[in-house]
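Novice: Structure, please.
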Amino acid sequence: MGLFSFLKQKKKSEEKGEEKQNQKGVNIIQEDPVVTMAREVMNMRYFLEDMKRAMHDDHHRIIDEFTYLPKHDDLKEALGERIEKLKEEQLRIAREIEVTELQRGILDILGTPKSAQDVAKELGKSRTWVSQQISTLNKAGFLEKEQKGKRITYKSSGNISTEGTGSPNS
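Specialist: Below you'll find the model as predicted:
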């Protein structure tokens, strides 16, 4: 045994832990604080490595999401196309509203029997267009047709509800 041999023995016992008995006679192993700190440092290291891996995965997920986003010019072009489609739809709806209002006007005018030519004059529309609309309204059951010789007149039928029914297709 050397002069410092007791230190070496103490270090070995500290690494293994010292067994002591508590008041109830149960053996308790007390670990050296340096070993405890070393274990905690290792646990923190593992935790930080896990965090680093998670952040790395998040980083790549975010990059992938931005990679698949449309480019500014593509988005601008797509929005322009959408605006054009909506404008076309707006024009179609405006035409349909106009036709529906004219059909309602035809029904109002035909409160008394009149010919297609008389209705066309009152509306300021062509006789051909008015005849097509009258034909549509007649097929839908909104008009009564009466023929006297060569002259054909139309009159609104009694079962008309022009509000909320929508337009008969033109």
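
Novice: Every contact and neighbour count from this point should use C-alpha atoms.
Specialist: Will do.

Novice: Which positions within stretch 144-163 qualify as buried?
Specialist: By neighbour count, and taking 16 or more other CA atoms under 10 Å as the criterion, the buried residues in stretch 144-163 are 144, 145, 153, 154, 155, 156.

Novice: pLDDT of that stretch, averaged?
Specialist: Per-residue pLDDT values over stretch 144-163 give a mean of 80.

Novice: Residues contacting it, please?
Specialist: Taking contacts as CA atoms under 8 Å, 6 or more residues apart in numbering, the residues outside stretch 144-163 that touch it are 104, 107-108, 110-116, 138, 141-143.

Novice: Pull up the gap between residue 63 and residue 56, please.
Specialist: Distance check for residue 63 against residue 56: by CA to CA, to the nearest Å, it reads 11 Å.

Novice: now residue 83
Specialist: In this structure, residue 83 and residue 56 are separated by 40 Å, where distance is defined by CA to CA.

Novice: Repeat that for residue 98.
Specialist: Applying CA to CA to residue 98 and residue 56 gives a distance of 61 Å.

Novice: Give me the helices and strands touching the biggest helix by length in the chain, please.
Specialist: Of all segments of type helix in the chain, defined using DSSP state H, the longest is helix 72-109. Other helices and strands packing on helix 72-109, by 3 or more CA pairs under 8 Å, 6 or more residues apart in numbering; DSSP states H and E, are helix 116-123, helix 127-139, strand 151-156.

Novice: wait, which of those is closest to residue 89?
Specialist: helix 127-139 (22.1 Å; CA to CA).

Novice: what's the angle from that closest one to helix 72-109?
Specialist: Our comparison of helix 127-139 with helix 72-109, counting by axes from the mean of the first three to the mean of the last three CA atoms, to 10 degrees, yields an angle of 80 degrees.

Novice: Flag every buried residue along helix 127-139.
Specialist: Burial within helix 127-139, assessed by neighbour count using 16+ other CA under 10 Å, is assigned to 127, 130, 131, 133, 134, 135, 136, 137, 138.

Novice: which residue sits closest to the third one, ignoring its sequence neighbours?
Specialist: Nearest non-adjacent residue to residue 131, counting by CA to CA, 6 or more residues apart in numbering: residue 116, 5.7 Å away.

Novice: Distance of that neighbour relative to residue 124?
Specialist: Using CA to CA, we find residue 116 at a distance of 12 Å from residue 124.

Novice: between those two, who's got more neighbours?
Specialist: For residue 116 and residue 124, the more surrounded residue by other CA atoms under 10 Å is residue 116, and the numbers stand at 25 against 10.

Novice: That one touches residue 133, doesn't it?
Specialist: No. Contact status for residue 116 versus residue 133: not in contact, 9.5 Å apart, counting by CA atoms under 8 Å.
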